[in-house]
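S.K.: heads up, no residue letters with this:
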Ligand SMILES: Cc1cc2nc3c(=O)[nH]c(=O)nc-3n(C[C@H](O)[C@H](O)[C@H](O)COP(=O)(O)OP(=O)(O)OC[C@H]3O[C@@H](n4cnc5c(N)ncnc54)[C@H](O)[C@@H]3O)c2cc1C
Ligand code: SF4
Ligand code: SF4
């Protein structure tokens, strides 16, 4: 098998030595790991197709990997699987300034796409916290969100076309540069958020926007969490849609400030990081109204970023929140429960209650404007008793989110981590439909098997 | 993280654990990495290969596997630790506060103990340079003299021009252009053991560490350091023969020698006698700050080592801390464009990044232009040019490209290794004007001199 793979992608692009493959045993998810047998780095769509076709012939599972920052165990290997890492597919193939599109290979890093667009006076909005290292293929496969989701949506909203390698090794192109295109089923969307279980994405055609002319960042501090939540509701109710409406609680603030030293107020119970962008007059007006609303709803201070450097520093600090929380305890378990915005305050109170009842340390931050919270449990995977309480707490958080009409994951995907909760959210019929689609596109169950959908044998 | 600003959760290794390898290391240091990958884009070796194994996250995973008994300490492991630059860019990028410096030192020490990379030639060179040469200041001076004579006599030029160089073995040949240009004088002939400010009473009493490489190749940097300190109200103590700081030893897994050298420092210049201990070389300073950890298990020295670390300051840091005097513009000197290359061990190891720029901007006539990737390693990294010549020269070329792009006439940098590497880089990739490489304090000292019409 190894010899064949070397023939397909070239000898140096096949790793089998223990020291080489061991660092591919995990992704960004806590407490899951599995040593792969082999890791391959194809250099073109054709090589990807060849590897997938070969794997099918030999009935070997394939786990696709971008840069392994996933938070649901999506690119964690399976025993005996081939890990197919796309990070050599790292070229931007075209920037079309007449149609405002960008065509990139799947392994291009998100930040590179943003920078390339930015240099041409254009704007690629989706900005997951991991954007400096996550791949665009991984973003599409997880349908990642980011800090600008409230106004600009998520990765899906920018994907116009995809090149995908199917389970049999065929290469399909789905979508086009047309703003409108209804020829046939919308198959492109099927692959967005498919977590490597339906095909391997090899190219992505992205929509770009003109760069907003102005932006203003505000930082509001609160003595009570509720006050922050009320401010968010008030802003939305006032028909203002800022581009960013991020929330950090006190524990998160402390950790982020220790790392980034950007002068965050560490004595506040909660902070909202708000950014509005667009036409300069509109930005000035919105910033003014947001500041007023925040003060009316109990903000202790409202500060404006002095310039764009300070704004970038604040956003960068916010992006480090999850990793910065790892300062406190050995194991950091990040959750992704999301509820309709109107239910946010209830969800926050519930999380505090769960933490107290199960004697757990939970820090919360997240994309408040999207209703997407990241309750983060700070624990130690070696403490069996506490891990048991963590499991119970997670189950309660999921149940409660679902009871509010929410979802078990807003942006990190199901992967391994949440697959046992998926049926509960979807219901039997929808879950069966999911399985039908998986079976028809991947009849041998070789593409990232066991992710998203539980293996048949497990009850 | 190493150095000055300690992080919230950087539990220092208990000293005995440094000696007994990864398995005995405080496990929380290994566990601190939550494999988020945010450090990957800043890691030069990951950028070179795109392979996890060559990234901080991958290396930590390997170390953890060794500690967990899942992986033998193999030759491949040792090679990986040697391939790491030790530039510590990953510690600046890591929000989780992973103490990579301690991890790497521990892993290298263990690999060294097991002699996994032992090749006869390599062992002899190591022994000679680390155990013998760099522990004997007098011998080091003698070598410096010989090299200076070789260069001054024109033999070097002859050697290079006639192509005799080609007769040397390949490794040595690649290194030859990087033999440092030696100064004519050592610091001790330029600096009196005690110097007092020209006017007024001294506000501070400070010790200046001259650094062995710096002392040999650029004693004028030490002279300038003393000058700017005098200008700012410091009484400056500079003992003539100083031991090597031991950083080369620690970075290459030789803790025992490093401890001996640290004790010698504490005996020769007890920290209690000074308000501050000044280092002007990024690499030395980064290690000098860690004497407290190095000697924590030695009851006779631990308290002194702690005081030493508390008083240790990078020269830029100290000048900004005491509110250095901004030089008065003198005459109508033309504007000079300067770009600043950050030494890894100054910016990542000691988190000193703002202060050198503050000093440069304060110098009349200096226009500071930022270079891309200013915080990237230049490939010098201790003895990296010897152990990993290919990657070292790739990084050097990349660095030179970015520095040239700024169009600056002067490259300021505060570490002898970087200084040499960049000077050599300009020579190797010669095209157009050759920018000058200088230490920021040399520019500052010059500005003070100009005030007086000097
Ligand atoms: C610090 C940190 C912050 C984060 N912040 C955010 C955030 O704000 N918003 C957010 O949504 N997520 C966030 N994430 C999660 C993660 O970064 C995203 O899911 C990201 O899109 C994963 O990209 P990757 O290249 O690392 O993919 P990987 O982790 O390698 O893979 C993720 C999944 O996609 C599949 N996959 C990868 N590439 C392909 C491909 N070419 N074709 C088919 N399938 C593929 C894999 O099989 C796997 O199932 C964060 C993660 C970290 C560590
Ligand atoms: S070293 Fe830090 S930044 Fe790098 S993967 Fe580990 S936790 Fe993340
Ligand atoms: S020290 Fe430098 S080379 Fe080594 S892992 Fe960290 S960033 Fe990479």
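M.R.: Thanks, I have the structure now. Quick caveat: nothing in here was measured; it's all calculated off a predicted structure. Numbering: from 1, shown residues only, chains lettered A, B, ... in the order given. Ligands and ions are numbered 1, 2, ... in the order given.
S.K.: use CA for all of it now, contacts and neighbours both
M.R.: Fine.
S.K.: Where does the closest residue to ligand 2 within the stretch 201-350 of chain A sit, in terms of helix or strand?
M.R.: Among the residues of the stretch 201-350 of chain A, residue A:323 lies closest to ligand 2, at 6.2 Å counting by Cα to the nearest ligand atom. With the criterion set as DSSP states H and E, the secondary-structure element containing residue A:323 is helix A:321-325.
S.K.: how far away is the closest residue to residue A:187 other than its chain neighbours from chain B?
M.R.: Across the structure, with Cα to Cα, 6 or more residues apart in numbering or on different chains as the measure, the residue nearest residue A:187 apart from its sequence neighbours is residue A:174 (6.7 Å). Remark: distance between residue A:174 and chain B (Cα to the nearest Cα, to the nearest Å) = 29 Å.
S.K.: ok, and does the host helix or strand of residue A:174 reach over to ligand 1?
M.R.: With the criterion set as DSSP H and E, the secondary-structure element containing residue A:174 is strand A:171-175. No. Strand A:171-175 does not reach ligand 1 (Cα under 6 Å from any ligand atom); its nearest approach is 12.5 Å.
S.K.: Contact partners for the residue of the stretch 201-350 of chain A closest to ligand 2?
M.R.: Taking Cα atoms under 8 Å, 6 or more residues apart in numbering or on different chains, we find residue A:323 in contact with B:34, B:36, B:94-96.
S.K.: do the same with residue A:12
M.R.: With Cα under 8 Å, 6+ apart as the criterion, the residues that contact residue A:12 are residue A:6.
S.K.: secondary structure class for it?
M.R.: Taken by DSSP: H, G, I helix; E, B strand; the rest coil, the conformation at residue A:12 corresponds to helix.
S.K.: Look up how far chain B lies from it.
M.R.: Where chain B is concerned, residue A:12 sits at a distance of 11 Å (Cα to the nearest Cα).
S.K.: And the strand holding residue A:174, what does it pack against?
M.R.: For strand A:171-175, the helices and strands in contact under the criterion 3 or more Cα pairs under 8 Å, 6 or more residues apart in numbering or on different chains; DSSP states H and E are strand A:159-165, helix A:187-191.
S.K.: Partner strands of it and their direction?
M.R.: Strands adjacent to strand A:171-175 in the sheet, as given by DSSP bridges, are strand A:159-165 (antiparallel).
S.K.: average pLDDT for the partner strand?
M.R.: Regarding strand A:159-165, the rounded mean pLDDT is 97.
S.K.: can you list the domains in chain B?
M.R.: When chain B is parsed into structural domains using automatic domain parsing, the resulting residue ranges are B:9-113, B:120-178, B:187-322, B:336-447.
S.K.: between these, which one is nearest to chain A?
M.R.: Ranking the domains of chain B by proximity to chain A (Cα to the nearest Cα) places domain B:9-113 first, at 4.5 Å.
S.K.: near ligand 2, anything from the closest one?
M.R.: Yes. Judged by Cα under 6 Å from any ligand atom, domain B:9-113 and ligand 2 are in contact via B:33-39, B:56-57, B:94-96, B:98.
S.K.: What residues does the stretch 51-200 of chain A have near ligand 1?
M.R.: Looking at ligand 1, the residues of the stretch 51-200 of chain A close enough under Cα under 6 Å from any ligand atom are A:63-71, A:74-75, A:86, A:106, A:128-130, A:134-135, A:137-139, A:141-142, A:144-146, A:195-196, A:199-200.
S.K.: What about residue A:416, how many residues nearby?
M.R.: Residues contacting residue A:416 under the criterion other Cα atoms under 10 Å in any protein chain shown number 21.
S.K.: contacting residues around it?
M.R.: Applying Cα under 8 Å, 6+ apart as the definition, the contact partners of residue A:416 turn out to be A:72-74, A:450-452.
S.K.: mind redoing it with 6 Å?
M.R.: Remark: with contacts taken as Cα atoms under 6 Å, 6 or more residues apart in numbering or on different chains, residue A:416 is in contact with A:72-73, A:451.
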